[in-house]
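[1] what follows is a predicted structure for the sequence shown.
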Amino acid sequence: MRDEKLSVNGFENSLQAAAAAVAGAGRQEESISSIPAETVESSQAEDRAKEQRIAELRKLYQSGEYKVDASATASRIVDEHLNQEPGIFDS
């Protein structure tokens, strides 16, 4: 039970770090006048969608309904690495 609680806390910490990174990404200092308004709005919408998805995953995980498909996750990580595409672990 203790290991399970540590695992849940670790997952929650990861989700919180991801949410902070998403929120912080929109605060990078750039001249707003040099960025088209549509780009800014699109980026903000994407940030909100990511934050909502993280909240959704947190709720599912805490309720015990979220199950990781380890095989699919591993395959995607390997495929992204081999294709040199930006992946879930890239900034």
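    All right, it came through fine.

[2] how about the secondary structure of residue 67?
    Following DSSP: H, G, I helix; E, B strand; the rest coil, residue 67 is assigned to coil.

[3] show me what contacts it?
    Residue 67 makes no contacts at all, as judged by CB atoms under 8 Å, 6 or more residues apart in numbering. In short, each C-beta sits where N, CA and C put it, glycine included.

[4] start at 898 instead
    Happy to do that; since the first residue is 898 now, the last one works out to residue 964.

[5] for it, grab phi and psi.
    Main-chain torsions, residue 964, degrees, to the nearest 10: phi -120, psi 130.

[6] I'd like to know how far it sits from residue 941.
    From residue 964 across to residue 941, the span is 32 Å (CB to CB, to the nearest Å).

[7] can you check residue 980 too?
    Counting by CB to CB, the gap from residue 980 to residue 941 is 29 Å.

[8] residue 965 and residue 959, how far apart?
    Between residue 965 and residue 959 the computed distance is 14 Å (CB to CB).

[9] so between these two, which is more surrounded?
    Neighbour count, other CB atoms under 10 Å: between residue 965 and residue 959, residue 959 has more, with 13 against 9.

[10] list phi and psi for that one.
    The phi/psi pair for residue 959 (degrees, to the nearest 10) reads phi -60, psi -30.

[11] try residue 961
    Taking degrees, to the nearest 10 as the convention, residue 961 sits at phi 90, psi 10.

[12] tell me how many other residues crowd it.
    There are 9 residues near residue 961, going by other CB under 10 Å.

[13] now residue 970
    Residues near residue 970, counting by other CB under 10 Å: 11.

[14] over to the one 4 residues further on?
    Residue 974: 13 surrounding residues under other CB under 10 Å.

[15] one more: the one 5 residues further on?
    With neighbours defined by other CB under 10 Å, the count for residue 979 comes to 8.

[16] I'd like the distance between it and residue 972.
    Residue 979 is 11 Å from residue 972, by CB to CB.

[17] hmm, residue 955 and residue 909 touching each other?
    Yes - look at residue 909 against residue 955 with CB atoms under 8 Å: they come within range, at 6.7 Å.
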